[in-house]
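Engineer: Okay, sequence plus prediction incoming.
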Amino acid sequence: MANSAQAQKLVYLVTGGCGFLGEHVVRMLLQQEPRLRELRIFDLHLGPWLEELKTGPVQVTAIQGDVTQAHEVAAAMDGAHVVIHIAGLVDVFGRASPKTIHEVNVQGTQNVIEACVQTGTQFLVYTSSMEVVGPNIKGHPFYRGNEDTPYEAVHKHPYPCSKALAERLVLEANGRKVRGGLPLVTCALRPTGIYGEGHQIMRDFYHQGLRLGGRLFRAIPTSVEHGRVYVGNVAWMHVLVARELEQWAALMGGQVYFCYDKSPYKSYEDFNMEFLGPCGLRLVGARPLLPYWLLVLLATLNALLQWLLRPLLLYAPLLNPYTLAVANTTFTVSTNKAQRHFGYEPLFSWEDSRTRTIRWVQALESSAQ
Ligand SMILES: NC(=O)c1ccc[n+]([C@@H]2O[C@H](COP(=O)([O-])OP(=O)(O)OC[C@H]3O[C@@H](n4cnc5c(N)ncnc54)[C@H](O)[C@@H]3O)[C@@H](O)[C@H]2O)c1
Ligand SMILES: CC(C)[C@@H](O)CC[C@@H](C)[C@H]1CC[C@H]2[C@@H]3[C@H](O)C=C4C[C@@H](O)CC[C@]4(C)[C@H]3CC[C@]12C
């Protein structure tokens with residue numbers, strides 16, 4: 001813990017700080033980073049909950065802005081020591097155009113990098129994604145892989161393509177001179193499927209189950225495992241990386257780290273039932289109720305419907321060809337690189353992560369009644 005001489009001298013900027021992961025990172029920084037003097041939260045959509053944070057010892061500055069606007073990013077960055085770049089369009093459901101996804105995720109990231117160079121911000125932590133690696137378009141499984149596992153990372157979908165390009169920009173920017181002549185130190189964190197309080201997709205599954213009389217229908221074989229990580233542990237890894245990046249710049253600069261904890265490897269649907277089951281939902285079927293070819297047909301029909309209806313309304317169901325393919329491909333990580341490089345250990349046990357998430361879903365239940 002920092003002593004009083006070190007305390008409260010740093011300015012952090014968090015982009016996307018009002019999103020699912022961003023809010024947890026903001027709250028974790030306020031709890032776990034004693035050197036914070038000012039915390040700037042830059043987001044397209046500011047949350048009302050930010051007001052409650054302004055009563056503490058750290059100056060919390062909410063900045064409504066757009067990462068696609070370079071001047072807005074530079075203005076928010078000026079004077080910051082560390083930037084944690086979380087903002088992004090997480091869209092695999094066809095809600096945004098490929099162009100918009102690229103503008104936000106790639107150009108937005110480039111704007112953050114250039115703002116660091118222009119203003120002299122020396123430390124950049126980027127929230128990347130497992131999808132930078134896979135699953136690839138060939139449906140190759142990634143089984144208990146790590147940051148060095150060979151894998152043909154070939155993508156077509158705009159989201160993984162944008163995350164892969166943005167991550168590359170961040171890693172290539174490591175070592176660039178920023179204003180004042182010091183080197184920019186960057187690194188990228190790759191969460192697998194994040195779960196926890198505020199996860200919109202979990203909320204969607206819960207409401208879908210309520211609509212179907214408390215039942216969800218299995219679509220994916222139990223043998224297909226997906227790595228998942230609790231949002232609190234992802235937030236903790238962001239805080240730790242931002243703290244250690246200066247001291248271990250030579251080791252950590254230009255590196256990628258998977259985000260991991262002790263969450264069990266299960267199919268995406270079975271894992272969700274760890275939280276939805278205790279809240280009264282039941283997953284029907286020991287194996288998929290429909291053959292895979294029929295699921296592909298239904299997913300394709302959903303994509304066609306989305307295209308036909310687009311001039312009238314946004315139709316964006318969970319099931320589409322991309323989400324079906326991802327859900328149906330094993331992707332699990334087994335690594336300790338973050339532990340070896342900067343001493344990361346999960347802050348929340350699996351049991352604690354599960355309990356917190358169940359309590360959140362139960363709160364949804366009471367608000368739905
Ligand atoms: N959710 C996951 O499972 C997961 C897994 C791996 C990586 N990630 C990455 O984590 C990051 C956050 O994901 P999330 O699940 O919290 O998503 P989210 O949509 O809840 O949060 C994204 C935030 O970014 C903001 N934002 C979007 N466009 C912006 C723009 N143009 N300018 C400024 N702010 C903008 C949004 O308003 C939102 O607050 C993303 O970069 C995503 O790729 C998410
Ligand atoms: C309708 C069924 C087939 C159902 O099982 C579909 C589930 C599907 C919506 C999810 C399965 C895997 C998810 C993705 C994965 O957890 C990792 C991701 C990376 C992250 O950066 C963004 C979110 C996501 C793409 C995540 C999205 C939902 C799934 C595709």
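Structural biologist: Perfect, thanks for sending it. Ligands and ions are numbered 1, 2, ... in the order given.

Engineer: low pLDDT regions in the stretch 251-369 of the chain?
Structural biologist: 368-369 (pLDDT under 70).

Engineer: what does it put close to ligand 2?
Structural biologist: Contacts of the stretch 251-369 of the chain with ligand 2, taken as C-beta under 6 Å from any ligand atom, map to 268-269, 318-319, 323-324, 326-327. (C-beta placed from N, C-alpha, C; glycine too.)

Engineer: Strands of the stretch 51-200 of the chain, residue ranges please.
Structural biologist: 59-64, 82-85, 123-127, 142-145, 185-191, 193-195 (DSSP state E, counting those that start in this stretch).

Engineer: What's the local residue count around Tyr159?
Structural biologist: Per other C-beta atoms under 10 Å, the neighbour tally for Tyr159 reads 22.

Engineer: Contacts only, for the one residue in the chain that gets nearest to ligand 1.
Structural biologist: Residue nearest to ligand 1 within the chain (C-beta to the nearest ligand atom): Gly19, separated by 2.0 Å. Contacts for Gly19 were tallied using C-beta atoms under 8 Å, 6 or more residues apart in numbering; they are 43, 86-87.

Engineer: ok, those vs ligand 2, which is closest?
Structural biologist: The nearest one, if we look at these relative to ligand 2 and count by C-beta to the nearest ligand atom, is Ile86, at 11.4 Å.

Engineer: Show the pLDDT at that closest one.
Structural biologist: On pLDDT, Ile86 comes in at 98.

Engineer: again with Leu10
Structural biologist: 97.

Engineer: same thing with the one 3 residues further on?
Structural biologist: The pLDDT attached to Leu13 in the predicted structure is 98.

Engineer: Would you confirm that it contacts Ile84?
Structural biologist: Yes. Using C-beta atoms under 8 Å, Leu13 is in contact with Ile84, at 7.3 Å.

Engineer: Contacts for stretch 238-249 next, please.
Structural biologist: Residues contacting stretch 238-249 (C-beta under 8 Å, 6+ apart): 12, 25, 28-29, 32-33, 82, 84, 86, 122-123, 125, 127, 183, 185, 187, 189, 252-253, 257, 338, 341-344.

Engineer: Can you name the residues of the protein sitting close to ligand 1?
Structural biologist: 16, 18-22, 43-45, 66-68, 86-90, 104, 108, 127, 129, 163, 191, 193-194.

Engineer: Give the ChimeraX command for selecting the buried subset of these.
Structural biologist: Selecting only the buried entries of those in ChimeraX, with 16 or more other C-beta atoms under 10 Å as the criterion:
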select :16,18,19,20,21,22,43,44,66,67,68,86,87,88,89,90,104,108,127,129,163,191,193,194
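
Engineer: can you tell me which of the residues of the chain next to ligand 1 are up against ligand 2?
Structural biologist: 90, 129, 193.

Engineer: and the last one, bridged to which residues?
Structural biologist: Think Gly193. Arg228 (DSSP bridges).

Engineer: Give me the pLDDT value at it.
Structural biologist: At Gly193, pLDDT is 97.

Engineer: Confirm for me that it is in contact with His226.
Structural biologist: Yes. In this structure, Gly193 is within contact of His226 by C-beta under 8 Å, at 5.9 Å.

Engineer: which neighbours do those two share?
Structural biologist: With C-beta under 8 Å, 6+ apart, Gly193 and His226 have common neighbours Tyr268.

Engineer: count of neighbours near Glu225?
Structural biologist: A count of nearby residues for Glu225, using other C-beta under 10 Å, gives 20.

Engineer: One more: Pro57?
Structural biologist: Look at Pro57: counted by other C-beta under 10 Å, it has 10 neighbours.

Engineer: My guess is it contacts Gln8. True?
Structural biologist: Yes. Contact between Pro57 and Gln8 holds when scored by C-beta under 8 Å: they sit 7.2 Å apart.

Engineer: Restricted to helices, list the residues of the stretch 251-369 of the chain next to ligand 2.
Structural biologist: Judged by DSSP state H, these include 268-269, 323-324, 326-327 as members of helices.

Engineer: which residues of the protein fall in helices?
Structural biologist: Remark: helices assigned in the chain by DSSP H are 20-32, 70-77, 98-102, 108-119, 158-173, 200-211, 231-244, 249-252, 268-276, 292-309, 321-327, 337-342, 350-368.

Engineer: which strands and helices sit next to the longest one?
Structural biologist: In terms of contacts (3 or more C-beta pairs under 8 Å, 6 or more residues apart in numbering; DSSP states H and E), helix 350-368 is packed against helix 200-211, strand 228-230, helix 231-244, helix 268-276.

Engineer: could you check the angle helix 200-211 makes with that helix?
Structural biologist: 50 degrees (axes from the mean of the first three to the mean of the last three C-alpha atoms, to 10 degrees).

Engineer: Give me the contacts around helix 350-368.
Structural biologist: Here helix 350-368 has contacts from 195-199, 202-203, 206-207, 210, 230, 232-233, 261-264, 274-276, 278-280, 348, using C-beta under 8 Å, 6+ apart.

Engineer: now those residues: which count as buried?
Structural biologist: 195-199, 202, 206, 210, 230, 232-233, 261, 263, 274-276, 279, 348.

Engineer: For Val154, find the nearest of the helices and strands packed on helix 350-368.
Structural biologist: helix 268-276 (21.7 Å; C-beta to C-beta).
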